[in-house]
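*Asks:* coordinates for the following, if possible.
(2 chains)
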Amino acid sequence: MSETATTSGPLIHPGEWHIHYDYAVGDTAARFFTELRDNMKVYARRCPSCGRAFVPPRAYCERCFVKTTDWVEVGPEGVVEAFTIVYEPFDGLPVPPYAVAYVTLDGASTALANFVTGVDLSDPEVASEALALGSRVAVAFAGKREGMITDFHFELLGHNK
Amino acid sequence: MPTKTAIVGVGQTGYRFKRTDVTIQELAQDAAAKALEHAHMEMADIDAFVIGVAPDALIGIDNVDRWIGQALGVAHRPQLRVNTGGTTGAAAAQAGYVHVASGMFRTVMVLAADKVSETPDAQWVLNTAMDPIYERSLALNAINMCSFQAVRQMSQYGVTERQLAAVAVRSRRNAAANPYAHLRDPITIDDVMSSRYVCWPLKLLDCCPRSSGACAVIMAAEPQAASSPNRPAWIQGMGATSNTIYMGDKMGPGRDTDHADWDELAIAAASAYERAGITDPLSQIDLAEIYAPFTCTEIAAVEALGFCAKGTGGAMGEQGMFDMGGPMPVNPSGGVLSANPISATALARVAEAALQVMGEAGEHQVPGVRRAVATGIGGTLQFHTCMILGDDA
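*Replies:* Now for the predicted structure:
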């Protein structure tokens, strides 16, 4: 927010941007989100050249630059590849603490990000041990789904290193 | 063959949290004037301008390069904006180098400026740079994307939080000798270890500040450069790489680079080293100015630059390998952990490396420098640049 301008202090003019967008997700992402919303399934898109199964799905393989073809169901379980626990509040972002992880779902070639629930985050040492790389998680779907990435999150299954 | 090109002038405003006494274009003017004075040149001597501006929303002025250019008096000369996120300043230097090395321009001013402190919402702005369809609503930002790197370093290589802290302590120790740095108070390992977690495992003192300031560099082709009153810092080599924005592609079984490492920087460095004739970086380079906004990123960089084996950067740093007076001084200026005017941050690495080669770095001068390396990174650790500066063409 603006500071109070006085004759002795710096003169500050406040400014704000409010910009609305309606992002069309395109046919490829729409299929992915429809499967999440309607069938509670996670699908990857496979490259016919290198065989990589990409989640999130892409219309083209970004390595081979050929159109991806097949839809491959992945998960619902997977392995933690990286995570963080956010303890600092940032304006415009969720209220901390929260955990975000990249997870390779079973059958996928790439890791997919989402929030992780079911872990007590109050003690960073305990929580970070629980989320250690290699931990197994499962996709858990929200009751009310809207065709968004937040229609699901990851739940910890326990250590499996 | 590229035209031989050197940096012949450097201007920095000094980096502070807030600059309420100047607008962003006035900051740019101050840096430009200092660079011209340093090079013993006039604005009329500059043939073209490359202006680095990172995402507009960080300063809340759309396409602010329009304001900066006219403030510099660019009339009747070409001006080009470069934006590659955090890499912006180094990518601008890359573009400026190509302008001169191509033979199309004799002199180029590369300039970048930022006033990030004028919004408290920098991490929210950086969140808007994430994929709006798949990733933005997951609260990803510049800090947690580096946390993902740190946690993989810890898991794969046994990097410790104390090794991360050692990077922060050394940066501040060096910054104390650099009057341009934003954060100059010395800190201890205990200070870092007891600072609060921001995005585990990164704590507050593992993170760079957000700063205001501007940096300008003047490049000149061989005849002009050789007659400069300053010792020219010749650009001996340049390399750059890009990679996917999807961090998850660098983690799963289908990865061809790893988010723990900076294999991309190694590719950029290999290209720069080859052009500069460097085969043994540890013996042929005298210091490094590394774009490391978080402690973990410097560890990835020293490995990618070939100063030590992959997985050993944390331990080597803890043992003093990268200290002033050590085998490979890293960030004599105090680096990004001590000053981060985002658009200008990577250009400041180039400027500081040039000043070291020119023998004009002041209190943080490394003795007898013949060659220095400067790096930049940006995006989701997806853009990497590497520039080699030396005392002969």
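*Asks:* helices of the chain, residue ranges please.
*Replies:* Just so you know, I chose chain A. A:26-34, A:124-130 (DSSP state H).
*Asks:* wait, I meant chain B there
*Replies:* Going by DSSP H, chain B shows helices at B:24-39, B:65-72, B:88-101, B:122-127, B:142-157, B:161-175, B:189-194, B:222-226, B:263-276, B:281-284, B:295-304, B:313-318, B:342-358.
*Asks:* pLDDT weak spots in chain A?
*Replies:* A:1-7, A:158-161 (pLDDT under 70).
*Asks:* nearest to chain B: which residue in it?
*Replies:* Residue nearest to chain B within chain A (CB to the nearest CB): A:S109, separated by 2.9 Å. Backbone N, C-alpha and C define where each C-beta goes, glycine included.
*Asks:* phi, psi for whichever residue of the stretch 151-300 of chain B sits closest to chain A please.
*Replies:* In the stretch 151-300 of chain B, no residue comes nearer to chain A than B:G254, which is 2.9 Å away by CB to the nearest CB. Backbone torsions of B:G254, given as degrees, to the nearest 10, read phi -90, psi 10.
*Asks:* need the contact list for it.
*Replies:* A:50, A:52-54, A:109-110 (CB atoms under 8 Å, 6 or more residues apart in numbering or on different chains).
*Asks:* per-residue pLDDT of it, please?
*Replies:* Here the pLDDT value assigned to B:G254 is 94.
*Asks:* what's the spacing between it and A:V74?
*Replies:* Applying CB to CB, to the nearest Å, the value for B:G254 to A:V74 is 12 Å.
*Asks:* give me the common contacts of the two.
*Replies:* A:A53.
*Asks:* what subset of the contacts of B:G254 is buried?
*Replies:* A:52-54, A:109-110 (16 or more other CB atoms under 10 Å in any protein chain shown).
*Asks:* returning to what we had before: tell me which of the helices of chain B is the most buried.
*Replies:* Comparing the helices of chain B by mean neighbour count (mean count of other CB atoms under 10 Å in any protein chain shown), helix B:342-358 comes out on top with a mean of 30.
*Asks:* could you give the angle of that helix to helix B:24-39?
*Replies:* 10 degrees (axes from the mean of the first three to the mean of the last three CA atoms, to 10 degrees).
*Asks:* scan chain A for its longest strand.
*Replies:* strand A:77-86 (DSSP state E).
*Asks:* what's the closest non-adjacent residue to A:C50?
*Replies:* Among residues not flanking A:C50 along the chain, A:C64 sits closest, at 5.2 Å (CB to CB, 6 or more residues apart in numbering or on different chains).
*Asks:* how many residues are close by B:F383?
*Replies:* 25 (other CB atoms under 10 Å in any protein chain shown).
*Asks:* once you drop chain neighbours, what's closest to it?
*Replies:* Nearest non-adjacent residue to B:F383 (CB to CB, 6+ apart): B:T87, at 4.2 Å.
*Asks:* what's the neighbour count on B:D62?
*Replies:* So B:D62, with other CB under 10 Å, has 9 neighbours.
*Asks:* the residue nearest the centre of chain B: what's it in contact with?
*Replies:* Nearest to the mean C-alpha position of chain B, by CA atoms, centre = their mean, lies B:A346 at 2.4 Å. B:A346 sits next to B:52, B:86-91, B:93, B:112, B:291, B:375-378, B:385 when contact means CB under 8 Å, 6+ apart.
*Asks:* for chain A, what spans make up the strands?
*Replies:* Going by DSSP E, chain A shows strands at A:42-46, A:53-54, A:71-74, A:77-86, A:98-105, A:112-117, A:136-141, A:152-158.
*Asks:* need the contact list for residue 21.
*Replies:* Unless you meant another one, I'm taking chain A. Contacts of A:Y21 by CB under 8 Å, 6+ apart are B:P132.
*Asks:* that's the other chain; I wanted chain B
*Replies:* Contacts of B:D21 by CB under 8 Å, 6+ apart are A:P10.
*Asks:* go again with 10 Å.
*Replies:* A:10, B:27 (CB atoms under 10 Å, 6 or more residues apart in numbering or on different chains).
*Asks:* where does it fall, phi/psi-wise?
*Replies:* Note on B:D21: backbone dihedrals following degrees, to the nearest 10 are phi -90, psi -10.
*Asks:* how far away is the spatially most distant residue from the centre of chain B from A:G107?
*Replies:* Distance from the C-alpha centroid of chain B peaks at B:P253, with 31.1 Å (CA atoms, centre = their mean). Distance of B:P253 to A:G107, given as CB to CB: 10 Å.
*Asks:* overlap of the contact sets of those two?
*Replies:* What both B:P253 and A:G107 touch, as defined by CB under 10 Å, 6+ apart, is the set A:A53.
*Asks:* which residue is the nearest non-sequential neighbour of residue 140?
*Replies:* Chain wasn't specified; assuming chain A. Per CB to CB, 6+ apart, closest to A:A140 is A:E155, 4.5 Å.
*Asks:* that's the other chain; I wanted chain B
*Replies:* In space, B:L140 is closest to B:M130, 4.9 Å off (CB to CB, 6+ apart).
*Asks:* was I right to think that neighbour contacts B:S137?
*Replies:* Yes. Contact criterion CB atoms under 10 Å: B:M130 and B:S137 qualify, at 8.9 Å.
*Asks:* let me see the contact set for residue 25.
*Replies:* This is for chain A. Per CB under 10 Å, 6+ apart, neighbours of A:V25: A:31-33, A:147-148, B:132-134.
*Asks:* my question was about chain B
*Replies:* B:61, B:64, B:66-72, B:113, B:214.
*Asks:* which of the residues you listed sits closest to chain A?
*Replies:* Nearest member of the contacts of B:Q25 to chain A, counting by CB to the nearest CB, is B:I61, at 8.7 Å.
*Asks:* now that closest one: how far from B:T385?
*Replies:* B:I61 is 25 Å from B:T385, by CB to CB.
*Asks:* for residue 54, give me its contacts.
*Replies:* Here I'm looking at chain A. A:28, A:44-47, A:60-63, A:68, A:72, A:74, A:108-110, A:112, B:246, B:248-249, B:252, B:254.
*Asks:* my question was about chain B, not that one.
*Replies:* B:82-89, B:112, B:114, B:116, B:125-126, B:129, B:341-346, B:378.
*Asks:* follow-up on the earlier one: could you pick out the buried ones from the contacts of A:F54?
*Replies:* Counted by 16+ other CB under 10 Å, the contacts of A:F54 give A:28, A:44-47, A:61-62, A:68, A:72, A:74, A:108-110, A:112, B:246, B:248-249, B:252, B:254 as buried.
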